[in-house]
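# Below is the structure, and that's it, no one-letter string:
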């Protein structure tokens with residue numbers, strides 16, 4: 001940093017101030033530093049700089065699955081917003097393991113992160129570690145809530161499930177339900193939202209019995225479960241899946257069973273999902289689902305964290321309930337249902 005400051009012809013504190021916040025120096029000085037960066041290729045070791053600070057510029061992000069498109073889009077947007085605010089995000093995956101989740105929290109504690117955004121598994125060991133982290137730094141939950149009253153940004157499952165159940169009941173036979181594996185609290189919330197929506201519509205909820213598992217391999221889980229239920233006879237000609245990845249496995253099982261899926265008169269089964277996975281529009285037939293706003297969840301969560309850190313953030317959203325920000329979903333009508 002000192003060598004670079006000498007190269008630019010400015011004091012080291014001025015150069016350091018620029019790297020902490022480019023907008024904190026005069027425009028003429030900023031352009032002078034940026035030209036020198038381009039000419040020299042200099043980049044400070046921000047990781048080392050942050051570790052020296054009493055208060056770092058590192059944001060920790062913990063997700064349960066690194067290859068799920070929902071979490072990929074979530075982390076991409078978090079990293080983008082954090083960078084614009086002068087922070088950088090480090091993403092760790094628990095891979096669905098409470099032990100790995102607890103280890104990730106411990107790593108962030110040792111790195112002295114400024115704050116964290118977490119999609120929790122909701123298991124006791126990880127939750128106790130998260131409570132400990134939240135006692136020291138700001139923490140925002142996404143996708144699934146933590147303890148009641150903790151800051152949380154996610155989709156309003158009651159609204160989204162109500163939307164798809166209402167449509168399916170009005171347009172055909174009421175749906176039976178393929179539940180997610182019990183991997184986090186969100187799985188339980190969606191099942192409860194389905195049951196409530198069916199009761200409000202005047203129908204009995206029909207949740208398909210499945211073998212308990214903690215697997216995040218949703219497609220394979222659904223393929224096996226639906227294949228077994230099709231062989232025994234589904235209780236309805238409409239199947240609502242708790243997420244789109246489950247619906248992908250269900251579509252394969254239906255194809256293997258020789259069942260035509262869709263809403264045409266010659267179709268024997270309707271299948272719908274939840275989330276609007278990036279591949280949902282490319283399945284055969286294209287999948288009817290409800291869309292979560294991935295990017296907006298990330299924006300709101302990151303902005304709330306930056307507000308708690310005293311950083312600059314964009315406007316907050318409406319729809320707050322206590323410390324929860326619940327976003328509305330939109331129905332995506334396609335050929336599968």
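Right, received. Where do you want to start? Keep in mind that what you see is a predicted model, and the values were worked out from it rather than measured. Residues are numbered from 1 along each chain as shown.
# Specify the next element, helix or strand, located C-terminal of the lowest-mean-pLDDT helix or strand in the chain.
Least confident helix or strand, the chain: strand 320-321 with a mean of 42, by mean pLDDT, DSSP states H and E. For strand 320-321, the following helix or strand on the C-terminal side (DSSP states H and E) is strand 324-327.
# And the helix or strand residue 159 falls within, what's buried?
Taking DSSP H and E as the criterion, residue 159 maps to helix 157-171. Across helix 157-171, burial judged by 16 or more other C-beta atoms under 10 Å covers 157, 158, 159, 160, 161, 162, 163, 164, 165, 167, 168, 169. Glycine gets a C-beta too; all of them are placed from N, C-alpha and C.
# Provide the contact partners of that helix at residue level.
For helix 157-171, the surrounding residues in contact (C-beta atoms under 8 Å, 6 or more residues apart in numbering) are 174-175, 186, 189-190, 192-194, 196-198, 200-201, 203, 238, 240, 263, 270, 272, 274, 288-290, 292, 326, 328-329, 331, 333, 337.
# Would you pull up how far that helix lies from the middle of the chain?
21 Å (C-alpha atoms, centre = their mean, to the nearest Å).
# pLDDT averaged over that helix - what is it?
Mean pLDDT, helix 157-171: 97.
# ok, now stretch 177-185?
In this model, stretch 177-185 has an average pLDDT of 89.
# Show the end-to-end separation of it, please.
Distance across stretch 177-185, first residue to last, is 17 Å (C-alpha to C-alpha, to the nearest Å).
# Could you tell me which ranges of this protein sit under the pLDDT cut-off?
Counting by pLDDT under 70, the chain has low-confidence residues at 44-55, 125, 311-322.
# Break it into its domains for me.
Structural domains assigned to the chain are 2-44, 55-154+295-326, 157-291, following automatic domain parsing.
# Just the buried residues of the contacts of helix 157-171.
174-175, 186, 189-190, 193-194, 196-198, 238, 240, 263, 270, 272, 274, 288-290, 292, 326, 329, 331, 337.
# Among these, name the ones in helices.
Members of the buried ones among the contacts of helix 157-171 lying in helices (criterion: DSSP state H): 186, 189, 190, 193, 194, 196, 197, 198.
# Confirm for me that the third one is in contact with residue 242.
If I follow you right, that is residue 190. Yes. Contact criterion C-beta atoms under 8 Å: residue 190 and residue 242 qualify, at 4.8 Å.
# Does residue 300 lie in a helix or a strand, and which?
Secondary structure assigned from DSSP H and E places residue 300 in helix 294-309.
# For that helix, buried residues please.
Those would be 294, 297-306, 308-309, for helix 294-309 by 16+ other C-beta under 10 Å.
# Distance to residue 80 for these - can I get that in TSV?
TSV is the format used below for the buried residues of helix 294-309 (distance: C-beta to C-beta, whole Å):
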residue	distance to residue 80
294	13
297	14
298	8
299	9
300	14
301	13
302	9
303	12
304	16
305	14
306	13
308	19
309	17
